[in-house]
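**Q** Model the following, please.
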Amino acid sequence: MRRNWVFGDLLSQLFERTGQVWGNDDTRSLIELCEALLSAEGEVSGYKLAATLLDRYRMSDDIEKLDFFHHLNDALDLDARQIEALAQDYAETPSLASFQALSEASEPRRQELLRRLNQPVGATDALVAMRVDLLRFVKTHPNLMRTDVDFKHLLRSWFNRGFLVLKQISWDTPARILDKIVAYEAVHRINDFDDLRRRLSPPDRRCFAFFHPSMPDEPLIFVEVALTAGVPNSIAALLEEDREPMNPAQAKAAVFYSISNCQKGLAGISFGNLLIKQVVAELSLELPRLETFVTLSPIPRLMQWLDTQSLDSSAPKRGASDGDDSDLKNLAAHYLLCAKRADGMPFDPVARFHLGNGAEIYDIHAGADLSENGLTQSGGAMVNYLYDLRRTERNHENFATTGAIQATRAVQAMASAVLDNKTKENVA
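**A** Numbering: from 1, shown residues only. Prediction:
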């Protein structure tokens with residue numbers, strides 16, 4: 001892993017600066033600063049104008065921020081009639097000049113504004129935070145989605161794989177980053193630093209995160225990994241306080257038991273697929289005896305979905321931990337394979353993520369997460385998604401093109417049991 005740190009640390013040193021230089025001596029409004037930054041003045045004094053605008057935005061209240069976004073959305077939008085005329089010109093005379101004019105007109109001016117804003121030290125972090133506000137405003141002002149399309153377009157470019165740095169998080173990682181890991185953990189809460197130590201220090205535990213050179217202290221996404229002898233069926237067994245660590249060289253399975261996205265402002269920009277594949281590659285090199293790469297994942301909307309279904313009395317109730325384990329496993333399998341949104345995609349968000357990455361539903365376990373959250377969300381059930389790199393690309397293509405879900409025969413049989421029971425009830 002150290003070989004990646006050398007390059008990552010070099011990038012961090014190149015991009016990282018101490019302190020942020022913001023402008024605060026310009027009294028123009030946010031909207032006036034936008035126009036200045038897009039003008040010839042912005043070509044000459046872009047750094048200072050961008051710093052001033054970002055500083056002014058940071059100190060603004062919600063009314064001023066909303067006015068700012070409406071200006072981006074409306075005043076800096078496309079000119080559809082101009083594009084129509086230029087497209088006609090290009091169709092009639094496909095010259096370099098007509099192509100360039102059409103290309104320039106086809107990009108909203110707000111994209112250029114955002115690019116110019118991303119000049120001062122700390123600007124990328126500020127723009128990611130700005131998008132958090134935008135996503136909040138979109139809920140009540142859906143027309144602002146046009147502006148969010150441009151934010152997402154640019155952020156995908158700035159956070160593409162070529163700029164991301166993979167680092168292993170260990171107990172020796174600086175405390176300022178460990179604090180972030182604790183705060184951002186979204187699947188299995190880290191209760192305190194003793195709990196964190198149990199996830200990082202033992203020789204059979206790993207944690208990896210993606211960073212961006214312009215945000216060196218902010219993890220973008222991280223995954224926690226347990227090295228085990230086989231495929232686990234309970235999160236408690238992985239997180240118990242007094243377990244005996246195993247020799248990692250003897251491990252046969254790498255278990256991804258928690259994947260947490262850290263930056264709300266990067267919602268919709270996926271890093272998970274890249275992270276899992278690179279971690280698989282890293283672990284395969286470090287521990288060549290590893291045979292299986294699998295998750296132990298929550299099923300967060302199982303109970304919510306069951307509440308809407310007409311099922312027999314054996315169906316588990318929200319928050320219940322008793323009952324027939326086979327009933328819960330069968331219902332969970334049926335849910336994962338058959339419950340769909342209106343667009344045909346799986347209802348479960350975790351399933352969409354892993355199946356979209358080319359994983360296979362490997363097994364389902366009842367009583368796997370008996371925490372309050374686990375019982376409320378899934379009646380305590382969890383699922384393994386298998387990452388077999390020989391088949392992930394094909395699985396991904398089939399899922400993306402036809403919605404086909406790969407599952408083991410055992411999981412398919414569980415799901416079929418629910419359909420068989422419903423058929424018997426209808427006949428009776």
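
**Q** burial of Ala40, as a residue count?
**A** Counted with other CB atoms under 10 Å, the neighbours of Ala40 add up to 8. Every C-beta, even on glycine, is put in place using the N, C-alpha and C of the backbone.

**Q** What pLDDT does the model give it?
**A** Confidence at Ala40, expressed as pLDDT, is 85.

**Q** now do Ile221
**A** Ile221 is assigned a predicted lDDT (pLDDT) of 95.

**Q** contacting residues around it?
**A** Ala209, Phe210, Ile259, Ser260, Asn261, Cys262, Phe271, Gly272, Leu275 (CB atoms under 8 Å, 6 or more residues apart in numbering).

**Q** excluding its backbone neighbours, what's nearest it?
**A** Leaving aside its sequence neighbours, Ile221 sits nearest to Phe271 (CB to CB, 6 or more residues apart in numbering; 4.4 Å).

**Q** Would you check that the one you found makes contact with Phe210?
**A** Yes: judged on CB atoms under 8 Å, Phe271 makes contact with Phe210 at a distance of 5.4 Å.

**Q** Let's see the distance spanning stretch 166-183 from one end to the other.
**A** Terminal residues of stretch 166-183 are spaced 20 Å apart (CA to CA, to the nearest Å).

**Q** All the helices of the stretch 201-350 of the chain, residue numbers only.
**A** Assigned by DSSP state H, counting those that start in this stretch, the helices in the stretch 201-350 of the chain fall at 235-239, 272-286, 302-306, 325-338, 349-356.

**Q** Just say which of the ones you listed is most tucked in.
**A** Most buried of the helices of the stretch 201-350 of the chain, by mean neighbour count (mean count of other CB atoms under 10 Å): helix 325-338, with a mean of 22.

**Q** where's that helix relative to the chain centroid, distance-wise?
**A** 26 Å (CA atoms, centre = their mean, to the nearest Å).

**Q** now do stretch 274-283
**A** 15 Å.

**Q** who touches it?
**A** Under CB under 8 Å, 6+ apart, the answer for stretch 274-283 is 1, 4, 161, 164, 166, 206, 208, 210, 221-223, 225, 254, 256, 259, 290, 293, 357, 387, 389, 392.

**Q** so of those residues, which ones are in strands?
**A** Leu166, Arg206, Phe208, Phe210, Ile221, Phe222, Val223, Val225, Ala254, Phe256, Ile259, Phe293 (DSSP state E).

**Q** Whichever of the contacts of stretch 274-283 end up buried, select them in PyMOL.
**A** Buried residues within those, by 16 or more other CB atoms under 10 Å, are selected in PyMOL with:
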select buried, resi 164+166+206+208+210+221+222+223+225+254+256+259+290+293+357+387+392
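
**Q** Return the residues in contact with the nearest residue to Arg341 once chain neighbours are set aside.
**A** Excluding the flanking residues, the one nearest Arg341 by CB to CB, 6+ apart is Phe347, at 5.6 Å. Applying CB under 8 Å, 6+ apart to Phe347 gives the contacts Arg301, Trp305, Tyr335, Ala339, Lys340, Arg341.

**Q** and the gap between Phe347 and Ile299?
**A** Distance of Phe347 to Ile299, given as CB to CB, to the nearest Å: 10 Å.

**Q** and for the two, which residues touch both?
**A** Joint contacts of Phe347 and Ile299 (CB under 8 Å, 6+ apart) are Tyr335.

**Q** Tell me, how many residues neighbour Gln82?
**A** Gln82: 13 surrounding residues under other CB under 10 Å.

**Q** and the nearest residue to it once chain neighbours are set aside, how far is that from Tyr90?
**A** Excluding its sequence neighbours, the residue lying closest to Gln82 (CB to CB, 6+ apart) is Ala105, at 5.3 Å. Distance from Ala105 to Tyr90, counting by CB to CB: 10 Å.

**Q** got it, and Lys329?
**A** Counting by CB to CB - Lys329 and Tyr90 are separated by 59 Å.

**Q** so who does Thr173 touch?
**A** Lys167, Leu200.

**Q** That one falls within a strand, correct?
**A** No: in this structure, Thr173 is coil, not part of a strand, as judged by DSSP: H, G, I helix; E, B strand; the rest coil.

**Q** Which phi and psi values does it adopt?
**A** phi -60, psi 140 (degrees, to the nearest 10).

**Q** nearest to Asp179, of the ones in strands among the contacts of stretch 274-283?
**A** Nearest to Asp179 among those: Phe222, at 13.0 Å, using CB to CB.

**Q** Please tell me I have it right and that closest one contacts Phe256.
**A** No: taking CB under 8 Å as the definition, Phe222 is not a contact partner of Phe256, at 10.8 Å.

**Q** Tell me how many other residues crowd the residue nearest to Ile221.
**A** Phe271: 21 neighbours (other CB under 10 Å).

**Q** who touches Ile364 in this structure?
**A** With contact taken as CB under 8 Å, 6+ apart, Ile364 is in contact with Lys329, Ala332, Ala333, Leu336, Ala381, Met382, Val383, Asn384, Val411, Met414.

**Q** 10 Å - rerun?
**A** By CB atoms under 10 Å, 6 or more residues apart in numbering, Ile364 lies in contact with 233, 299, 325, 328-333, 335-336, 378, 381-384, 407-408, 410-411, 414-415.

**Q** Could you verify that it is part of a strand?
**A** Yes: the assignment for Ile364 by three-state DSSP puts it in a strand.

**Q** in the sheet, who's paired with it?
**A** Applying DSSP bridges to Ile364 gives these bridge partners: Val383.

**Q** What distance do you get for it to Ala332?
**A** For Ile364, the distance to Ala332 - CB to CB - is 5 Å.

**Q** Pull up the overlap in contacts between the two.
**A** Both Ile364 and Ala332 are contacted by Ile299, Ser378, Ala381, Met382, Val383, Val411, Met414, Ala415, under the criterion CB under 10 Å, 6+ apart.

**Q** residues contacting the closest residue to the third one other than its chain neighbours?
**A** Leaving out its chain neighbours, the residue that sits closest to Ala381 by CB to CB, 6+ apart is Ala332, at 4.6 Å. With contacts taken as CB under 10 Å, 6+ apart, Ala332 has the following neighbours: 299, 302, 305-306, 316, 348, 361, 364-366, 378-379, 381-383, 411, 414-415, 418.
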